[in-house]
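Student: Sharing a model prediction with you, sequence too.
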Amino acid sequence: MPAPILDRPKSPDDWSQLREICVETAAREVAPGQREAFGRLWIDPYRRWAPGWAYVARRDGRVAGYLTGCASSARFYAASLAFGPRPRLGSNLRFPAALLARLLWSYPAHLHVNVRAAYRGGTGRALVERFEADLRASGAAGLHVFCGAAPVGFYLKLGFRELGRLQAGPAPIYALGKSLR
Ligand SMILES: CC(C)(COP(=O)(O)OP(=O)(O)OC[C@H]1O[C@@H](n2cnc3c(N)ncnc32)[C@H](O)[C@@H]1OP(=O)(O)O)[C@@H](O)C(=O)NCCC(=O)NCCS
């Protein structure tokens, strides 16, 4: 597959494609009546508080995948929890406080990356590597991600390591981190 064109979300249509991909790639199927709200819940905090850390991969004239994130998770959470829109935190908050503090301190950036099924195969790596390069240039110490079991192998391939795991209902949630220094 040819390399994707990496870009920034630039238009309202780009952001609406981010919300669409977020729904399309969700771990569990999102009911039709909840799709708009689900997309807004996951995307809008990043659009408002960290648009400079959002990336899109373009193929065939459409958004094939995206990465949202930020360099300082503490600052991002403080702003979005205080002023909205509030990010989805869910089970992540059930990790031990010491681990959450370690993530914020030693792996302060975080990300979400999702790629449409038809465009997988190099697109996820390209997005994460571009994010990491920009984080390195900004002096960030490291980055973390929370995820279910399915994408763990992807993150391990990219150099992340497991820092914690908890059982949230039937499915495990992983906290993974990568140092950038
Ligand atoms: C996870 C995801 C972003 C990966 O995108 P992708 O374009 O398929 O990833 P890449 O092809 O760039 O993968 C990079 C490497 O990881 C490997 N890899 C990808 N997904 C993997 C997985 N689930 N398990 C193990 N290895 C995986 C690839 O084979 C590739 O290896 P290589 O460099 O040796 O060829 C994509 O599958 C996706 O959007 N999944 C659904 C949503 C999701 O789970 N997002 C993560 C939420 S935290």
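Tutor: Perfect, I can see it now. Treat the numbers as computed from the prediction; the structure is a model and nothing was measured.

Student: Low-confidence stretches in this protein?
Tutor: For the chain, no stretch has pLDDT under 70.

Student: how about the residues of it near the ligand?
Tutor: Contact residues (CB under 6 Å from any ligand atom) of the chain with the ligand: 25, 112-115, 120-125, 145, 147, 150-151, 153-154, 157. Quick note: C-beta positions are derived from backbone N, CA and C, even for glycine.

Student: Would you indicate which residues of the strand or helix carrying residue 78 are buried?
Tutor: In the assignment (DSSP states H and E), residue 78 maps to helix 73-83. Buried residues in helix 73-83, counted by 16 or more other CB atoms under 10 Å: 73, 76-77, 79-80.

Student: got it, and stretch 17-30?
Tutor: 17-25, 30.

Student: Could you do stretch 121-140 as well?
Tutor: 123-124, 126-128, 131-132, 134-135, 140.

Student: need the residues you listed in a markdown table with secondary structure and distance to residue 177, can you?
Tutor: As requested, these are exported to a markdown table (DSSP: H, G, I helix; E, B strand; the rest coil; distance: CB to CB, whole Å):
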| residue | secondary structure | distance to residue 177 |
| --- | --- | --- |
| 123 | helix | 22 |
| 124 | helix | 18 |
| 126 | helix | 21 |
| 127 | helix | 18 |
| 128 | helix | 13 |
| 131 | helix | 14 |
| 132 | helix | 12 |
| 134 | helix | 18 |
| 135 | helix | 13 |
| 140 | coil | 12 |
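
Student: Out of those, flag the one nearest to the ligand.
Tutor: Closest approach to the ligand among those (CB to the nearest ligand atom): residue 124, at 2.4 Å.

Student: and the residue nearest to that closest one when sequence neighbours are not counted, how many neighbours does it have?
Tutor: Nearest non-adjacent residue to residue 124, counting by CB to CB, 6 or more residues apart in numbering: residue 115, 5.2 Å away. Residue 115 has 26 neighbours, counted by other CB atoms under 10 Å.

Student: what does residue 106 give?
Tutor: 14.

Student: quick revisit: out of the buried residues of helix 73-83, which is nearest to residue 178?
Tutor: Nearest to residue 178 among the buried residues of helix 73-83, counting by CB to CB, is residue 73 at 13.8 Å.

Student: For the closest one, list the residues it contacts.
Tutor: 103-104, 108-110, 144 (CB atoms under 8 Å, 6 or more residues apart in numbering).

Student: Among those residues, name the ones in helices.
Tutor: Counting by DSSP state H, the contacts of residue 73 place 103-104 in helices.
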